[in-house]
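Student: dropping a prediction and its sequence here:
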Amino acid sequence: KQETGDSVIETLLKMRLNYAARLLERTALSIARVAEDVGFADSFYFTKQFSALYGKSPTAYRKSIDYGSAVQDGSGDEPV
């Protein structure tokens with residue numbers, strides 16, 4: 001905590017939400033699926049936490065990204 005200013009739990013939460021942001025940028029997975037993939041059982045709680053960190057909902061975040069043809073549908077074994 002002395003080095004990062006965050007507790008272990010806060011650091012873990014930020015890591016999970018950063019991974020969620022990458023999934024939103026690089027895949028077409030649903031918000032509920034992204035929430036599940038990063039360890040949130042409740043997509044509403046995920047949205048609340050994501051919005052608190054990024055200042056916008058996961059949907060708004062995804063819409064703000066110019067991801068064009070780089071988005072994958074998440075149905076196969078593509079790397080993300």
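Tutor: Nice, I can see it.
Student: okay, which residue is most central for the chain?
Tutor: residue 20 (1.7 Å; CA atoms, centre = their mean).
Student: helices or strands up against the lengthiest helix in the chain?
Tutor: Scanning the chain for the helix with the most residues, using DSSP state H, yields helix 8-26. Other elements packing on helix 8-26 under the criterion 3 or more CB pairs under 8 Å, 6 or more residues apart in numbering; DSSP states H and E are helix 31-37, helix 43-54, helix 58-64. C-beta: built from backbone N, CA, C; applies to glycine.
Student: just name the most buried of those.
Tutor: helix 31-37 (a mean of 18; mean count of other CB atoms under 10 Å).
Student: what sits up against it?
Tutor: 20, 23-24, 27, 29, 42-43, 46-47, 58-59, 74 (CB atoms under 8 Å, 6 or more residues apart in numbering).
Student: related to what we said a few turns ago, out of the helices and strands packed on helix 8-26, which comes closest to residue 13?
Tutor: helix 43-54 (6.6 Å; CB to CB).
Student: got the angle between the closest one and helix 8-26?
Tutor: Relative orientation of helix 43-54 and helix 8-26, computed by axes from the mean of the first three to the mean of the last three CA atoms, to 10 degrees: 90 degrees.
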